[in-house]
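Asks: after the sequence you'll find the predicted model.
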Amino acid sequence: AASLHPSLYGQVCPHARTLVTQSINEGKLVTLRGNTRPEANAANDRGPVSNSYQISHMFLQLRRAPEQQERLEKFIAELHDPASSNFHKWLTGKQFGLQFGLAQDDLAVVTGWLESHGMKVNSVSPNLVVDFSGTAGQVRVAFHTSIHQLAVGAKRHYGNMSDPQIPAGLQPLVTGVVSLHDFMPKPLSHPTPAYTISSSSQALVPADIATIYNLNPAFAAGVSGQGQTIVLLENANLYSSGDWLVFRKVFGMARPYPQGKLITVHPGANCFDPGLNGDAAEATLDAEWATAAAPNATIEIASCLDTFTFGGFIALQNLLSSDAAPPPIVSIGFGEPESLLGTAKNAFINGLYQMAAAEGVSIFVSSGDSGAAFLDRNQTNATRGISVNGYSSTPYNVSVGGTDFADTYFGTTTKYWNANNSPTFGSARSYIPEIPWNDSCAGELLAISSGFNTPYGTTGYCNNGGPISIVAGGGGPSACATGSPNAGGVVGNTCQGYAKPAWQSILGNPNDGVRDIPDVSLFASNGIWGHYYVVCFSDPAQGQVPCLGPPNTWAGFGGTSFSAPVMAGIQALVNQRTGSRWGNPNPIYYRLAAAEYGNTGSSSCNSTGSAVNSSCTFYDVTLGDTAVNCSGPNNCFLGPSPGSFGVLSTSKTAYQPAYRANTGWDFATGIGSVNAWNLMKNWPAATGTASAGGITE
């Protein structure tokens, strides 16, 4: 048997089949396709880095044998099935490695191969990731690709100029290098826009969310997050914990909920303190709005410096690999397009979330803030067609989308908002009808309210002064994920998405064979209809000031970066009330929603119907869309009299906005938004009590 460093034995599965069955011949190579960024092109190329350029903590993603991967997926399904003897028998990271790790010989061969090229193997994680470091010269020789400097716009980047290659003998074991570049995800939040439909505004505070989504009965019953921890994955630290304390004090959470606390950790030997950077705002809003939903919970900022891998994922991998109990709930407010992640990184994310589900960890991820045009995020116009957030599209996470309130559209604002604020600045009176969050001129409701019959065409809203914006709640079909038998692959030039999970069977969900997002949605608007979130964020480097005046003078934001931590907070209340962690809660969300919507939908739970019943678990959002303005040949409908801008559409010849809200599930808002107290009351009992040698409930 090949030798293996003692520190790697925890990732060895004694029953795993050996995959490397031939000698490692450096003269016989295979290409790991789909692992080069499109920005790595001749136009952006500024030449190779020096051979001595040091690259720390690269990740090499390995793969299981197909039968072992199938066994893992079956086991995860059983963990979530009350009828199974494995129900809630969550694993620890060490147990996960022992049951679903690799053969000792395989690990020894791949680590030995890296070391033979002069690279240092730092660790091997249970999700089959080898952490290694080396120089650009060593990478060039081992993987037959060169790391170059790239000029992309005004920014300098580093990246591989071609797909890496490895010896053919390693192909059965190696998926690819997770990242040979420094293109990092962006936070999914937006400041309030200059263009708004409403002349007045309602700045949402925690008391408003507690009223609208019915958290107050839970708080009154003593369910406010006691004993729960919500981990927020970040690549920056908070600017100031004082902002979090001011937020809690001003909005009345400090004294009634004394157990609520904030901690910051940098887990693992390869996790370096990121300090302050431009993403500190994301860490701040995550921490403040997670505590708003679960004010007695511990809010844990898990932050790591980005290397050639997103710091938040470094933190999550280390938390899941530790011998200590993993966090029960995780929230992620970042994203990258699924189709730009590459084969290896899609496999890495899928495998990381799989390990989380096996350990009983619930992961909530922002669906995105560019409608169905995630590839064009941060642009003003969609040109590259329909795409989704690859951080949010796996079958093992909850994808959280975004809504807005419909009161401005219906002219019923005074019905739902008090003229004066409470002592904690709340003014919402009740649940408020919802529509999909959409800042774009391509949104049908914005066009109608502005006096236009259509968003498209020469006489349409987008070509006559409407806001040219692709800011909207994210959603769409998975289309370019790879890396496991439960996911598709690159076939020629065609991308195939994650296979549709069995639990995603509900009225409205299309028979498209792939994973569709989002799953649930909550308010995420940044003010287009006059509603937005308040954040205490005082970093002068980002143009902010101390939170000394009334909250309507504080920073205003929106984005699914808010809806994800709020939904994570609601799940923390569910966990507290049931006394259990729940892993991937999607099977239960969909089961409850399917019972409510049936085969025709529920008129009493229609968010914009005549009246919403107080017994609803989910509010079905049926009016509006997340369509954004577009141009060019990719998924863009211009209309019979085309103007400069069209509507992102599933058809180029007919007006089929991508995407409309409808009865039941839809790409705009998933199964809709939630009545938190009813969700808790209708949640099934945790019949499992403890894992056999694993994590206690």
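Replies: Looks like it arrived, so ask away.
Asks: for the stretch 101-250 of the chain, what spans make up the helices?
Replies: Secondary structure of the stretch 101-250 of the chain (DSSP state H, counting those that start in this stretch): helices at 104-116, 136-143, 206-212, 216-220, 241-250.
Asks: burial of residue 275, as a residue count?
Replies: For residue 275, the count of nearby residues is 10 (other C-beta atoms under 10 Å). Backbone N, C-alpha and C define where each C-beta goes, glycine included.
Asks: so what's residue 137 closest to, chain neighbours aside?
Replies: Leaving aside its chain neighbours, residue 137 sits nearest to residue 51 (3.0 Å; criterion: C-beta to C-beta, 6 or more residues apart in numbering).
Asks: that neighbour should be in a strand, yeah?
Replies: No. Under DSSP: H, G, I helix; E, B strand; the rest coil, residue 51 falls outside any strand and is assigned coil.
Asks: pretty sure it sits against residue 146.
Replies: No. Under the contact definition of C-beta atoms under 8 Å, residue 51 does not touch residue 146, with a separation of 9.9 Å.
Asks: how many residues are close by residue 450?
Replies: For residue 450, the tally of surrounding residues (other C-beta under 10 Å) stands at 15.
Asks: and it, what does it touch?
Replies: 197, 461, 466 (C-beta atoms under 8 Å, 6 or more residues apart in numbering).
Asks: residue 82: which of these is nearest?
Replies: Distance ranking of those against residue 82, using C-beta to C-beta, places residue 197 first at 46.3 Å.
Asks: wait, isn't the closest one in contact with residue 449?
Replies: Yes. Under the criterion of C-beta under 8 Å, residue 197 makes contact with residue 449 at 6.1 Å.
Asks: quick one: residue 308 is in a strand?
Replies: No. Per three-state DSSP, residue 308 lies outside any strand segment and is coil.
Asks: how many residues are close by it?
Replies: 21.
Asks: residue 685 now?
Replies: Taking other C-beta under 10 Å as the neighbour definition, residue 685 ends up with a count of 9.
Asks: how about low-confidence regions in the chain?
Replies: Residue ranges of the chain with pLDDT under 70: 1-10, 198-199, 480-496, 688-697.
Asks: excluding chain neighbours, what is closest to residue 295?
Replies: residue 257 is the one closest to residue 295 (C-beta to C-beta, 6+ apart), at 3.8 Å.
Asks: list the contacts of that neighbour.
Replies: Contacts for residue 257 were tallied using C-beta under 8 Å, 6+ apart; they are 224-225, 248, 295-296.
Asks: residues touching the residue lying closest to residue 467 once chain neighbours are set aside, list them.
Replies: The shortest distance from residue 467 to any residue other than its chain neighbours is 4.6 Å, reached at residue 195 (C-beta to C-beta, 6+ apart). Contacts of residue 195 were listed using C-beta under 8 Å, 6+ apart, and they are 439, 467, 469, 528.
Asks: related to what we said a few turns ago, could you dump the helices of the stretch 101-250 of the chain to a markdown table with mean neighbour count and distance to residue 626?
Replies: Conversion of those to a markdown table gives the following (neighbours: other C-beta atoms under 10 Å; distance: least, C-beta to C-beta, whole Å):
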| stretch | mean neighbour count | distance to residue 626 |
| --- | --- | --- |
| helix 104-116 | 20 | 43 |
| helix 136-143 | 21 | 40 |
| helix 206-212 | 23 | 20 |
| helix 216-220 | 16 | 30 |
| helix 241-250 | 19 | 29 |
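Asks: out of those helices, which is closest to residue 564?
Replies: Of all those, it is helix 206-212 that lies closest to residue 564, at 13.5 Å by C-beta to C-beta.
Asks: what lies in contact with that closest one?
Replies: Counting by C-beta under 8 Å, 6+ apart, the neighbours of helix 206-212 from elsewhere in the structure are 202, 215-216, 219, 251-253, 289, 292-293, 295, 422, 424-432, 523, 566.
Asks: now, those residues that are in strands?
Replies: When those are checked against strands (DSSP state E), the matches are 202, 523.
Asks: from the contacts of helix 206-212, list just the buried residues.
Replies: Members of those that pass the buried threshold by neighbour count (16 or more other C-beta atoms under 10 Å) are listed as 202, 215, 219, 251-253, 289, 292-293, 295, 424-428, 431-432, 523, 566.
Asks: can you tell me which helix in this structure is longest?
Replies: helix 338-358 (DSSP state H).
Asks: partner strands of the very next helix or strand once past that one, parallel or antiparallel?
Replies: Counting by DSSP states H and E, the element after helix 338-358 in chain order, helix or strand, is strand 362-366. For strand 362-366, the paired strands and their directions (DSSP bridges) are strand 329-332 (parallel), strand 398-405 (parallel).
Asks: which residues are in contact with residue 297?
Replies: Counting by C-beta under 8 Å, 6+ apart, residue 297 touches 224-226, 228-230, 259-260, 290-291, 569, 572.
Asks: again but with residue 159, I slipped
Replies: For residue 159, the set of contacting residues under the criterion of C-beta under 8 Å, 6+ apart consists of 36-37, 39-40, 147-148, 150, 180-183.
Asks: and the nearest residue to residue 640 once chain neighbours are set aside, what are its phi and psi?
Replies: In this structure, residue 640 finds its nearest non-sequential neighbour in residue 457, 6.9 Å apart by C-beta to C-beta, 6+ apart. When quoted as degrees, to the nearest 10, the phi and psi of residue 457 stand at phi 80, psi 170.
Asks: okay, the contacts of residue 450 in JSON lines with neighbour count and distance to residue 237 next?
Replies: Putting those into JSON lines (neighbours: other C-beta atoms under 10 Å; distance: C-beta to C-beta, whole Å) gives the following:
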{"residue": "197", "neighbour count": "16", "distance to residue 237": "36"}
{"residue": "461", "neighbour count": "28", "distance to residue 237": "42"}
{"residue": "466", "neighbour count": "21", "distance to residue 237": "39"}
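Asks: which of the residues you listed fall in strands?
Replies: Secondary structure assignment (DSSP E) places none of the contacts of residue 450 within strands.
Asks: among those, which one lies nearest to residue 323?
Replies: Once C-beta to C-beta is applied, the member of the contacts of residue 450 that ends up nearest residue 323 is residue 197, at 53.3 Å.
Asks: quick check: the residue nearest to that closest one when sequence neighbours are not counted vs residue 120, distance?
Replies: Nearest in space to residue 197, with sequence neighbours left out and distances taken as C-beta to C-beta, 6+ apart, is residue 529 at 5.4 Å. To residue 120, residue 529 is 54 Å away according to C-beta to C-beta, to the nearest Å.
Asks: who's more crowded, these two?
Replies: Set side by side, residue 529 and residue 120 give different neighbour counts by other C-beta under 10 Å, the larger being at residue 529 (25 against 13).
Asks: quick one: contacts for that one?
Replies: Remark: with contacts taken as C-beta under 8 Å, 6+ apart, residue 529 is in contact with 196-198, 404-405, 408-409.
Asks: what helix or strand is it on?
Replies: Residue-wise, residue 529 maps onto no helix or strand under DSSP H and E.
Asks: shift numbering so it begins at 245
Replies: Sounds good: first residue 245 from here, last item residue 773.
Asks: count of residues packed around the closest residue to residue 678 other than its chain neighbours?
Replies: Using C-beta to C-beta, 6+ apart and skipping the chain neighbours, the partner closest in space to residue 678 is residue 647 (4.2 Å). Other residues within reach of residue 647 by the criterion other C-beta under 10 Å amount to 31.
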